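Student: below: sequence and its predicted model.
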Amino acid sequence: SQQGEEDPQALSIQEGENATMNCSYKTSINNLQWYRQNSGRGLVHLILIRSNEREKHSGRLRVTLDTSKKSSSLLITASRAADTASYFCATDRGAQKLVFGQGTRLTINP
Amino acid sequence: EPEVTQTPSHQVTQMGQEVILRCVPISNHLYFYWYRQILGQKVEFLVSFYNNEISEKSEIFDDQFSVERPDGSNFTLKIRSTKLEDSAMYFCASGTRGYNEQFFGPGTRLTVL
């Protein structure tokens, strides 16, 4: 299947540190997106990276994409308590359906 | 900033009952989607809708499910006869042409008793 798989499944760091989450997928993709979900809440769109892009930045977020390894990473710099959430990658192959991974649960400790 | 809205936020129903989940997508979006997330599991695609018809559906989306865009703003998901295993968070999403960015609503938590 095309599914993304994130690792680690859970990550706990101190406030101010950087957090890196990884996503791997199995088939070729058109786009890869990262979403954040606070506990029991909706999905917030963070960033989209196209298959012909290698890196993208948005504020404290940096996303990389390595299509040869079928992997992506999300880096959150200078983490804050409010960054505590689950982070999901989602891929598509040009059709509209997004395929989500299991997510990484990030905890920022004050 | 425009956002997708969903109602109700929580719906409790008895097994076998019909439920309708409602969504108001972002106004200039043309593509509409439903996903669900069973507690503790990953988000799963149900259906996509464009130009007043279903463009893709998953195997979860069987004939108990239907979608409709009854007017210019609402997008609904109907489950005809709910089962216990339909208990989940249901997310509506919408998007434009282009790079398939999808923007999600806050979800409706459906509990089937």
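Tutor: Nice, thanks for sending it over.
Student: hmm, stretch A:91-106 in reach of chain B?
Tutor: Yes - residues of stretch A:91-106 are located near chain B by C-beta under 8 Å from any C-beta of the partner chain, namely A:Asp92, A:Gly94, A:Ala95, A:Gln96, A:Lys97, A:Leu98, A:Val99, A:Phe100, A:Gly101, A:Gln102, A:Gly103. Every C-beta, even on glycine, is put in place using the N, C-alpha and C of the backbone.
Student: from B:Ile79, how far out is B:Met89?
Tutor: According to C-beta to C-beta, to the nearest Å, B:Met89 and B:Ile79 sit 14 Å apart.
Student: between those two, which contacts overlap?
Tutor: Both B:Met89 and B:Ile79 are contacted by B:Leu110, under the criterion C-beta atoms under 8 Å, 6 or more residues apart in numbering or on different chains.
Student: how about the strands in the chain?
Tutor: With no chain named, the answer covers chain A. Shown for chain A, the strands assigned by DSSP state E span residues A:5-7, A:10-14, A:19-24, A:31-37, A:43-50, A:55-58, A:61-66, A:71-76, A:85-92, A:99-100, A:104-109.
Student: was after chain B, sorry
Tutor: B:5-7, B:10-13, B:19-24, B:31-37, B:43-50, B:53-57, B:65-68, B:75-79, B:88-95, B:102-104, B:108-112.
Student: dump the third one to PDB, keeping only the CA atoms.
Tutor: Extracted in PDB, the C-alpha atoms of strand B:19-24 (Å, rounded to 0.1, in the frame of the first residue of the first chain):
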ATOM      1  CA  VAL B  19     -27.400   9.700  11.200                       C
ATOM      2  CA  ILE B  20     -26.500  12.700   9.100                       C
ATOM      3  CA  LEU B  21     -23.300  14.500   9.600                       C
ATOM      4  CA  ARG B  22     -23.000  18.000   8.300                       C
ATOM      5  CA  CYS B  23     -20.200  20.000   6.900                       C
ATOM      6  CA  VAL B  24     -19.800  23.400   5.500                       C
END
